[in-house]
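Visitor: Structure of the sequence below:
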Amino acid sequence: MNLREIGLKVGQRRADLGLSQDRLAKLCGLSRSTIHHLEKGTLKDLGAAKLLSLLSLLGLDVITQEHSKKHHGLDMASKTASVSYKTKLHSSDLSHSLACGRLPESIFPHVATLLDEAPLEIIVSAVEEAAAVNHVAPKLIWKNIDRWAHEMHSPRSAWA
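Guide: A predicted model of the protein is given here:
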């Protein structure tokens, strides 16, 4: 659920409770403009503490759960890492390297690209999938990634 969807639920709940935007704003310590933009779906950010306080006031909950749809993380990671190269990084090779920690020279540039440029959600999904396929703890794979990122001098702050 994104902020826009939450805003729609907030607007519906506010109306169900007979509250004006102004009254709700005063009750939760936000501006009427913030409530208006939240409900309209144009608010860019609210902050977790303010959002949770607002939802609690309205008797709404935020439920977190894993995405039900699997994203095929290894395939997506392999494709992302292969975009700039003539040779393709196979998901099985990536999976094996992630699990065992050995990085063959032939896929070194692909993995460097993956660590530097791939969306982090893809990397997280690839780690989860590689851990399951290879029956290793994800923590071990994260250690391998951290070591590789340092050896490659990755500029990405996630690996600092």
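
Visitor: and the residue lying farthest from the centre of the chain, what are its phi and psi?
Guide: Distance from the C-alpha centroid of the chain peaks at Gly18, with 35.8 Å (Cα atoms, centre = their mean). Gly18 adopts backbone torsions of phi 70, psi 30, taken as degrees, to the nearest 10.

Visitor: What score does Ser125 have for pLDDT?
Guide: With respect to pLDDT, Ser125 scores 89.

Visitor: And for the closest residue to it other than its chain neighbours, the neighbour number?
Guide: Excluding the flanking residues, the one nearest Ser125 by Cβ to Cβ, 6 or more residues apart in numbering is Gly73, at 2.9 Å. No exception for glycine: its C-beta is placed from N, CA and C like everyone else's. Counted with other Cβ atoms under 10 Å, residues neighbouring Gly73 total 21.

Visitor: tell me the average confidence for stretch 15-25?
Guide: Mean predicted lDDT for stretch 15-25 stands at 89.

Visitor: which other residues reach that stretch?
Guide: Arg14, Leu27, Leu30, Ser31, Arg32, Thr34, Ile35, His36, Glu39, Leu54, Leu57, Leu58 (Cβ atoms under 8 Å, 6 or more residues apart in numbering).

Visitor: Any of these buried? List them.
Guide: In the contacts of stretch 15-25, burial by neighbour count holds for Arg14, Leu30, Thr34, Ile35, His36, Glu39, Leu54, Leu57, Leu58, counting by 16 or more other Cβ atoms under 10 Å.

Visitor: Can you tell me the element the first one falls in?
Guide: If I follow you right, that is Arg14. helix 3-16 (DSSP states H and E).

Visitor: what comes up buried for that helix?
Guide: Quick answer for helix 3-16 (16+ other Cβ under 10 Å): Leu3, Ile6, Gly7, Val10, Gly11, Arg13, Arg14.

Visitor: after it comes which helix or strand?
Guide: Proceeding N to C from helix 3-16, the next assigned helix or strand is helix 21-28, under DSSP H and E.

Visitor: Next, the angle helix 3-16 makes with that next one.
Guide: Relative orientation of helix 21-28 and helix 3-16, computed by axes from the mean of the first three to the mean of the last three Cα atoms, to 10 degrees: 100 degrees.
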